[in-house]
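Engineer: pasting the structure only:
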């Protein structure tokens, strides 16, 4: 079953149409974000009423829920675009999920090293005695750190 086609008239009950406000309420996604997803091509253009208002189908809701869930799991918009393309062609998406998992694991290692370094600095601190604070000393000299704890990926 193909859930994420880009056509304006998805299969299913054609009489069930949603305004952008209803779609926003139903999915918890801000109206501006829905418009942005349309602009960048993650969401297909909706049909328009005679007055020019957007009218969404159930397929739009399902696709938006897919996008939101992917974002909650930390996937980038490019990853989600790729997953949507794989969904349409019935290819395997495990390589994208594996790549994302590896990035999350690297962040966990980095954050763990950062936590350990902060714990060490706090433990070695003289607890407020002037001139004996390891926190300030270590922050002044990265060479005193025991781990590579650079969370942002770059030094500087």
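Structural biologist: Noted; the coordinates are in hand. Predicted model, so just to flag it, every value in this text is computed and none were measured.
Engineer: packing partners for the longest helix seen in the chain?
Structural biologist: If you go by DSSP state H, the chain has its longest helix at helix 94-124. Contacts defined by 3 or more CB pairs under 8 Å, 6 or more residues apart in numbering; DSSP states H and E place helix 94-124 against helix 77-89, helix 134-140. Bear in mind the C-beta positions are built from the backbone N, C-alpha and C, glycine included.
Engineer: weakest of those in terms of mean pLDDT?
Structural biologist: When those are compared on average pLDDT, helix 134-140 comes out lowest at a mean of 67.
Engineer: what does the domain assignment say about this structure?
Structural biologist: 15-88, 91-151 (the TED database).
Engineer: same list (those) but as a markdown table, adding mean neighbour count.
Structural biologist: Formatted as a markdown table, these follow (neighbours: other CB atoms under 10 Å):
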| stretch | mean neighbour count |
| --- | --- |
| domain 15-88 | 16 |
| domain 91-151 | 12 |
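Engineer: out of those, which gets the lowest mean score?
Structural biologist: Ranked by mean pLDDT, the domains of the chain bottom out at domain 91-151, with a mean of 77.
Engineer: related to what we said a few turns ago, can you check what angle separates the longest helix of the chain from helix 77-89?
Structural biologist: 150 degrees (axes from the mean of the first three to the mean of the last three CA atoms, to 10 degrees).
Engineer: distance from helix 94-124 to the middle of the chain?
Structural biologist: A distance of 17 Å separates the centroid of the chain from that of helix 94-124, by CA atoms, centre = their mean, to the nearest Å.
Engineer: same check, this time on stretch 42-55
Structural biologist: Distance of stretch 42-55 from the chain centroid (CA atoms, centre = their mean) equals 26 Å.
Engineer: quick one: end-to-end length of that stretch, please.
Structural biologist: 16 Å (CA to CA, to the nearest Å).
Engineer: numbering from 39 from now on, please.
Structural biologist: Sure, I'll start numbering at 39, so the last one becomes stretch 80-93.
Engineer: so residue 130 lies in a strand, does it not?
Structural biologist: No: read with DSSP: H, G, I helix; E, B strand; the rest coil, residue 130 is coil and lies in no strand.
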